[in-house]
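Asker: Here's a sequence, model it:
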Amino acid sequence: MGQLSVPVSSEDHIEGSPNAPMTLVEYGDFECPYCGDAYSVIKAVQETMGDELRFVYRHFPLIRLHPHALHAAEISEAAGAIDRFWEMHDILFENQMALADDDLLVDASAVGLSDNAVQQAFAGRFADHIKRDFRGGVRSGVNGTPCLFVNGQRFDGPREVEAIVAALEATASRRFGLDG
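Answerer: Purely as a prediction, here's the structure:
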């Protein structure tokens, strides 16, 4: 089992308490159908864990397989620049079959992004952030999406709520010396 090589920091997109005792990191691609499937599972894990969990999303666009993945990542970063990353994250996964640039323009408008902000995003304004996420994923052994890390350990178990919650609780127990 691999380890997360880049620690969670203020540079990350974090949903939940930054000081939560358990952390779930996803390296994802907005156009990946498996990430789309994992989206609802992760939402359910968040609901189950509540304040005990912080969820981190990092970009790993597989642009050779998914031609719209990079622009989707860029538009999410543009939304993040106006504190609307998570709203855009959810829109992109909930409308995963509509990620062409025209669709992204509609989504951008829905979260309050200007046409100029969209053009800057598509021109590479957030390229460094996306590349940093991608390189961190490669260093952590990510070779496909979604790739999950549970409290810093790669999780290759079933993408089911119960399995992820059990892994989070088990690694937290070991970390705090609570496992018998």
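
Asker: Doesn't Ile14 lie inside a strand?
Answerer: Yes: remark: Ile14 belongs to a strand, assigned using DSSP: H, G, I helix; E, B strand; the rest coil.

Asker: Any idea how many residues pack against it?
Answerer: Each residue near Ile14 was counted by other C-beta atoms under 10 Å, and the total is 19. For glycine as for every other residue, the C-beta is placed from the backbone atoms N, C-alpha and C.

Asker: Make 692 the starting number, not 1.
Answerer: In the new count, where the first residue is 692, that last one comes out as Ile705.

Asker: pLDDT score for it?
Answerer: Ile705 is assigned a predicted lDDT (pLDDT) of 97.

Asker: Dig out what it forms beta bridges with.
Answerer: Beta bridges link Ile705 to Val747, judged by DSSP bridges.

Asker: Test my guess that it contacts Val747.
Answerer: Yes: using C-beta atoms under 8 Å, Ile705 is in contact with Val747, at 5.4 Å.

Asker: list residues touching both of the two?
Answerer: Val699 (C-beta atoms under 8 Å, 6 or more residues apart in numbering).

Asker: Packing partners of the lengthiest helix in the chain?
Answerer: Longest helix in the chain by number of residues, with DSSP state H as the criterion: helix 724-740. With contacts taken as 3 or more C-beta pairs under 8 Å, 6 or more residues apart in numbering; DSSP states H and E, helix 724-740 sits against strand 713-719, strand 744-750, helix 776-785, helix 852-866.

Asker: Check what pLDDT the residue nearest the centre of the chain gets.
Answerer: When C-alpha atoms, centre = their mean is applied to the chain, the residue found nearest the centroid is Tyr748 (2.3 Å). Tyr748 is assigned a pLDDT of 98 by the prediction.

Asker: Leu715 is in contact with that one, correct?
Answerer: No: applying C-beta under 8 Å as the test, Tyr748 and Leu715 come out as separate, 9.7 Å apart.

Asker: on that earlier part again, who touches the longest helix of the chain?
Answerer: 706-707, 713, 715, 717, 719-720, 744, 746, 784-785, 787, 835-837, 839, 850-852, 855-856, 859.

Asker: just stretch 779-796 next, same as before
Answerer: With C-beta under 8 Å, 6+ apart, stretch 779-796 has contacts from 704, 721-722, 724, 726-727, 730, 748, 759-760, 762-763, 766-767, 770-771, 798-799, 801-802, 806, 809, 813.
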